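Peer 1: Structure of the sequence below:
(chains A and B)
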Amino acid sequence: MRIFRLSLLGLLRDWRAGELRVLALALVIAVASTTAVGFFTNRVNQLMERQASTLLGADLAVISSDPVNPLFSTRARNLGLETAETISFPSVVLANGKTELMEVKSVSAGYPLRGVLRVSHVPYGTESPTRAIPVRGTVWLGPHAISRLGLRAGDRIRLGSSVLTIAEILSYEPDRGGDLFSIAPRLLMNLKDLSATGLIGPGSRATYRLLIAGPAPALAKFQRWIRPHLQPGARLENVRDARPQLREALDRARKFLGLAALVSVLLAGVAIATATRRYAARHLDSTAVMRCFGATQGFVVSLHVLQMLWLGLGASLAGCAVGYLAQQVLVRLLSVLVAASLPPPSWLPVVTGLLTGLVVLLGFALPPMLRLRDVSPVRVLRRDLGQLPARTGMVYLAALAVGAALMLWQTRDLRLTLYLLAVTAAALVGLGAVAFGLVRLLKLLRVHSGVSWHLGLAGIARRAGASVVQVVAFGVGIMLLLLLSLVRSDLLSTWQHSLPPDIPDQFVINVQPGQVAALRRFFVDNGLKGAVLYPMVRGRLLAINGRPVHASSYSDIRARHLVERDFNLSWAARPQRDNRIVAGRWWTDEQYGKPLASVEQGLAKTLGIKLGDELEYRIADRDISVRVESLRRVEWDSFRVNFFVVTPPGLLNGYPATYITSFHLAADRHGLMERMMQRFPNLTVIDVQALMAQVRSIMHRVNLSLEYVFMFTLLAGLTVLYAAVQATQDERKREAALMRAMGATTRQLMKSLAVEFTVLGLIAGFLAALGATVSGYLIALQLFHLRYHFDPRLWIAGLAVGGIGVGFFGVWGTRFVFTRPPLETLREFS
Amino acid sequence: MYMVQAQKLCKRVVSPEGTLTLLDAVDLQIAAGETCAIVGASGSGKSTLLGLLAGLDVPSSGRVLLDGVDLGTLDEDGRARLRAGRVGFVFQSFQLLPALTALENVMLPLELVGRPAPGRTAREVLARVGLTERLRHYPNQLSGGEQQRVAIARAFASSPKILFADEPTGNLDRASGERVIELMFSLNREHATTILLVTHDQAVAAHCRRFLRLADGRLRDESADGQNGLIGMPEVAGEDI
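Peer 2: Numbers count the residues shown, from 1 in each chain, chains lettered A, B, ... in the order given. This next block holds a predicted model:
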């Protein structure tokens, strides 16, 4: 008990002396950054858990790209289960003279089987739950569509060939609750009205769902029965694996934000290690006295560790509180991703926050603190005998262990952790080496500079180790922000500029074979040249060289998604202008109708398809086998219609096909689309411009949230600076007093400090700009295959943020060195 | 013309035991070019007096005139400006800047006042103290005696009117100490610098023409041609501050 009391008293004393403030501040930042992300992901997860069954709108769902076998629902009802059906697809709605792409969902009575719909009479008005669905001839629209088209309840809209009346505003539907990227607004209609719209025909792009709910035993029985009966392209989802994409996306978001927060944690760790080293150094004398009076090594260590633990608990709790507040900003920034309102967070992030705080504290503070154990009592007689080794090896080892453990905890993936550790180590070593080189270079500058420059630059060179650490810590913070702001916008504008001005921006899908001739004429009459109509047949890849294809046989996520979905196959006599044969050869006229295929090389690589392979497809209940005759390179950037798999003409003639086209629409010709929709109401027009704007706004928000998390990194960088300034406080005081004695004025002293910190900041800014440029170059070339443009703004911003930021905070942090009369200071240190 | 004048100089500090009077109405005049040693027991307030006379600290009451300027009329920066180029210091613990080389340390006071060619002057003075081979060395690469010789070079580099030396041989062995004192006084002769030296070593003090003893807060002139002993009783005996 005595040790508890002593440790608390010691903590209070050290706190009053201001020794522990920087340590506490670093810890608050570390915990705040992780808990902010923790609280946010906790809330989203809770939403997912709570809505697990309502996320499906049922207990079980059969989801398919083709109509669901009617036998399934009969069987379910026979087992005493409830069923409902939905068919959803994108389509263009015409209202008030405007067109809008919407996500149409037609539902049968009983939908949803789990959860309720909520409607209001005016957009964003008072919601009321309902068990009903839209009555025939009416639709319910999402509030977003209502406001965008300037509509209200009672107005009419045209959907395909039908004219329907808006009855309600749909404010909530359970199976869309936590939807990611809910780009297009929702339109809910009665299933019985669907056929009249003429929008759904063979080959149209729609998702069919059979919803099932009921007692668990009957459900289990049904599941056992249905599995062998599922047609290719259909899958079964239950509440446990509902929304795999959503879960995956959220898991990625959690990892990504978690890792972003980890950067701040590790930087804060550097500040903690620096501050603790000073703490230990300043406690050498008092520890020697305690040892003299009979304190054991164990007692001394326990006392200081306990003191740290109290501090860790207090600072971590404060960090949790800050994290809770910070998380609300994150929720606002990412509200665009999560449509539903989030439940309040649980206590779990507080627990993980506290644990993170303690782990970071022990990992970074314990090794320097353990030096106190080795303090010899003889130090009270001869201070020079009491010098201790720095134990740098142990400090680095502990930091590495803590960093790796936290990374593993965030990613829950050993390979990724090892990879990240290697990349981080390489980046840090690279940045550190450049920083060290620059610090050494400063020596050359010193010869030709004035007194303030002399002193400022000498300060950096003398504290070379600490200078490199500060520069890298700051550089990393600035670099991340530069990457997120300037490099990202640069890449985006480079990409946009690389696109030709007449790039297709309108896609028309769902064109029925009987409409092809009329639509072609319509295009010619209206001067839309170059709008080629391509046939499209939907098929599912069943096997490669006789080996059945399953999602589970691929580890690559993209490959899994690809084989789970239907492919769009097409036929053509000649390869498209932007296609290039890279292997094999294109078919001759004599080969028309032969079972051959030309495969896009990226797809071939992802799925492991080679020249000469046999691909087996199922198209509308018929299986067909084709041989890979050539591989093509496709310029997807061209935005023209392109296909993964193309066959010779004549082969797919008997299969249900729809047609697709793309073209560039001049800005002043949007009325043309309206005329087209009136003449061909079943067509779906996808305005890529509008979609791109939507995607850009989502990207912008995601980016803002990342920038927000990285603000903690910059703050952590500041604490590293602050800790380093504190660690050199005594030295600086003495220097300032001595300079004063020799006649230096406040101005001269301030100037030398300003030189020191501004130059440090400039080096950090240089590193940041260099790192961002190299990363931008690699991203542009390796990831996006774009030509990299050197952006001088990156360097200006990096140097300005570094120089001004570090200069200001450095001088601000050291202003105390002038406050005492020189004599007092000189005596203290003589 | 006096280089340093103190009038009724008092220094009191507040401690838990009450107010300590370290210096009690001390009067002192030191003429330009004079060499003067202040001796006294440890804790007698010698260093405090030196600090007050050099303007490194402010008195509780009384006046100090340095080179004819009343320090009481100047703020911290004003006092620093007055010292710049006019005052040199040699400390017991050398007080070299660890970040700077020997040459840079010596250049520092020259640069502070903007003297032309500070590097050349610094090299000359360092050569004068026998450290031509050590120009690029940092303080921690030099022996104690060498460090103090750099400090002496630094003190004389700007040809100051007055040199304040606080126990200049306190941290040195006898041989190094003698070398340092010899250097200091030969430079004094070359530059006609006023020297005010604080020491407890009688042998060092013997190099000075005037000899003052500080005891119980009062200063007494014990030179052969002694001028004035000034009286003042401390209220509480002071520790070395």
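Peer 1: So which residues on chain B come close to chain A?
Peer 2: Within chain B, the residues that sit near chain A (C-beta under 8 Å from any C-beta of the partner chain) are B:47-48, B:51, B:54, B:56-58, B:76-77, B:80-87, B:89, B:91-93, B:95, B:97-100, B:104, B:107-109, B:111-113, B:154, B:241. For every residue, glycine as well, the C-beta is placed using N, CA and C.
Peer 1: Just give me the neighbour total for residue 36.
Peer 2: Picking chain A for this. 30 (other C-beta atoms under 10 Å in any protein chain shown).
Peer 1: that answer is for a different chain, and I need it for chain B
Peer 2: When neighbours are defined as other C-beta under 10 Å, B:C36 has 23 of them.
Peer 1: And A:D589, by the same measure?
Peer 2: By the measure other C-beta under 10 Å, the count of residues near A:D589 is 8.
Peer 1: before we move on, back to that, need the buried ones from the residues of chain B next to chain A selected in PyMOL.
Peer 2: To isolate the buried ones among these in PyMOL, judged by 16 or more other C-beta atoms under 10 Å in any protein chain shown, type:
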select buried, chain B and resi 47+48+51+54+56+57+58+76+77+80+81+82+83+84+85+86+87+89+91+92+93+95+97+99+100+104+107+108+109+111+112+113+154+241
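Peer 1: my guess is A:V395 meets A:P367, correct?
Peer 2: Yes: with contacts counted by C-beta atoms under 8 Å, A:V395 reaches A:P367, the gap being 4.6 Å.
Peer 1: Overlap in contacts, these two.
Peer 2: A:A273 (C-beta atoms under 8 Å, 6 or more residues apart in numbering or on different chains).
Peer 1: Name the helix or strand of chain A that has the lowest mean pLDDT.
Peer 2: Here the helix or strand of chain A ranked lowest by mean pLDDT, DSSP states H and E is helix A:52-56, holding a mean of 66.
Peer 1: Tell me the residue of chain B that sits nearest chain A?
Peer 2: B:A84 (2.6 Å; C-beta to the nearest C-beta).
Peer 1: who's in contact with that residue?
Peer 2: For B:A84, the contact set (C-beta under 8 Å, 6+ apart) comprises A:742-745, B:109, B:112-113.
Peer 1: Let's have those residues in TSV, adding pLDDT and distance to A:W140.
Peer 2: Below are these laid out as TSV (pLDDT from 0 to 100; distance: C-beta to C-beta, whole Å):
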residue	pLDDT	distance to A:W140
A:M742	85	83
A:G743	85	83
A:A744	86	78
A:T745	85	77
B:P109	85	85
B:L112	80	81
B:V113	81	85
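Peer 1: export those residues to a markdown table and tack on distance to A:L706 and secondary structure?
Peer 2: As requested, the contacts of B:A84 are exported to a markdown table (distance: C-beta to C-beta, whole Å; DSSP: H, G, I helix; E, B strand; the rest coil):
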| residue | distance to A:L706 | secondary structure |
| --- | --- | --- |
| A:M742 | 50 | coil |
| A:G743 | 51 | coil |
| A:A744 | 45 | coil |
| A:T745 | 46 | coil |
| B:P109 | 52 | helix |
| B:L112 | 48 | helix |
| B:V113 | 53 | coil |
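Peer 1: Max pairwise distance over these: which two?
Peer 2: Within the contacts of B:A84, A:T745 and B:P109 form the most distant pair, 13.2 Å apart (C-beta to C-beta).
Peer 1: coming back round to it: closest to B:V129 out of the contacts of B:A84?
Peer 2: Checking these against B:V129 with C-beta to C-beta, the nearest one is B:P109 at 14.9 Å.
Peer 1: mind checking pLDDT for the residue nearest the centre of chain B?
Peer 2: Centroid-nearest residue in chain B: B:F164, 1.7 Å away (criterion: C-alpha atoms, centre = their mean). Looking at B:F164, its pLDDT is 92.
Peer 1: what does the average pLDDT come to for stretch A:289-309?
Peer 2: Mean predicted confidence for stretch A:289-309 is 81.
Peer 1: Tell me the buried residues in it?
Peer 2: Neighbour counts over stretch A:289-309 (16+ other C-beta under 10 Å) mark A:290-291, A:295, A:299-308 as buried.
Peer 1: okay if I get those as JSON lines plus distance to A:I796 and secondary structure?
Peer 2: Below are those laid out as JSON lines (distance: C-beta to C-beta, whole Å; three-state DSSP):
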{"residue": "A:M290", "distance to A:I796": "54", "secondary structure": "helix"}
{"residue": "A:R291", "distance to A:I796": "56", "secondary structure": "helix"}
{"residue": "A:A295", "distance to A:I796": "57", "secondary structure": "coil"}
{"residue": "A:F299", "distance to A:I796": "56", "secondary structure": "helix"}
{"residue": "A:V300", "distance to A:I796": "52", "secondary structure": "helix"}
{"residue": "A:V301", "distance to A:I796": "50", "secondary structure": "helix"}
{"residue": "A:S302", "distance to A:I796": "53", "secondary structure": "helix"}
{"residue": "A:L303", "distance to A:I796": "51", "secondary structure": "helix"}
{"residue": "A:H304", "distance to A:I796": "46", "secondary structure": "helix"}
{"residue": "A:V305", "distance to A:I796": "47", "secondary structure": "helix"}
{"residue": "A:L306", "distance to A:I796": "50", "secondary structure": "helix"}
{"residue": "A:Q307", "distance to A:I796": "46", "secondary structure": "helix"}
{"residue": "A:M308", "distance to A:I796": "43", "secondary structure": "helix"}
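Peer 1: Report the two of those separated the most.
Peer 2: Greatest spatial distance in the buried residues of stretch A:289-309: A:R291 and A:M308, 19.2 Å, computed using C-beta to C-beta.
Peer 1: Correct me if wrong: the residue nearest to the centre of chain B contacts B:M184.
Peer 2: No: B:F164 lies out of contact with B:M184 (C-beta under 8 Å); the separation is 11.6 Å.
Peer 1: Tell me how far the longest helix anywhere in chain B lies from the chain's centre.
Peer 2: When chain B is parsed with DSSP state H, its longest helix is helix B:174-191. Put simply, helix B:174-191 sits 14 Å off its chain's centre (C-alpha atoms, centre = their mean, to the nearest Å).
Peer 1: Give the rounded mean pLDDT of it.
Peer 2: Helix B:174-191 shows a mean pLDDT of 85.
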